[in-house]
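A.B. asks: what would the 3D arrangement of this be:
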Amino acid sequence: MLRSLLAVILAVLVGVTAAQIVERVGVEAFASGDAAGTLSPAHQLVLVASWGAGAFLAASLALLIGRRWAPLGWLTAASMLLLAVISAVSSPQAVTLIVGGAVATLSAGFGAIKLWRATNVFPVKPKNPGLF
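C.D. replies: All right, here's what the predicted structure looks like:
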């Protein structure tokens, strides 16, 4: 149980860091400056891609630490989605970014689960399968 908790916490921290790095690199490549504060389509695409990349990395890391237990991948992808929604709410194009972020993060979590062949069965079996 403690291993699963630490896997999710560490994976989300690594995923957020990776998303920030991808976002910074993408913003430098596709500089968008608008006085009204609106984001260009290229900048929106970079944001959605960074959230997806961060969610994929986070789900993969959680699955590897948590012995390929699929709920850990879904939990980290959902955590990255929550962080993406929180980030997108401050933008004038919030609806577009929220929908794109939801598609990117959940499909990245699904992709990580399929890539690592994670299962829904808890990986640790009891040593003495008794009554309790």
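A.B. asks: distance check, the residue lying closest to G52 once chain neighbours are set aside against E28.
C.D. replies: Sequence neighbours aside, A104 is the residue nearest to G52 in space, at 3.3 Å (criterion: CB to CB, 6 or more residues apart in numbering). In short, each C-beta sits where N, CA and C put it, glycine included. A104 is 20 Å from E28, where distance means CB to CB, to the nearest Å.
A.B. asks: out of the two, which sits in the busier spot?
C.D. replies: A104 (24 against 9; other CB atoms under 10 Å).
A.B. asks: who's in contact with the more buried one?
C.D. replies: Counting by CB atoms under 8 Å, 6 or more residues apart in numbering, A104 makes contact with 48-49, 51-52, 55, 84.
A.B. asks: ok, A78 next?
C.D. replies: 105-106, 109.
A.B. asks: what is the burial count for V27?
C.D. replies: Using other CB under 10 Å, V27 has 16 neighbouring residues.
A.B. asks: am I right that it sits in a helix?
C.D. replies: Yes: assignment of V27 by DSSP: H, G, I helix; E, B strand; the rest coil places it within a helix.
A.B. asks: thinking it is in contact with L45, fair?
C.D. replies: No: in this structure V27 lies outside contact range of L45 using CB atoms under 8 Å: 11.2 Å.
A.B. asks: tell me which element the one residue sitting closest to the centre of the chain falls in.
C.D. replies: When CA atoms, centre = their mean is applied to the chain, the residue found nearest the centroid is A55 (1.9 Å). Counting by DSSP states H and E, the element that carries A55 is helix 41-65.
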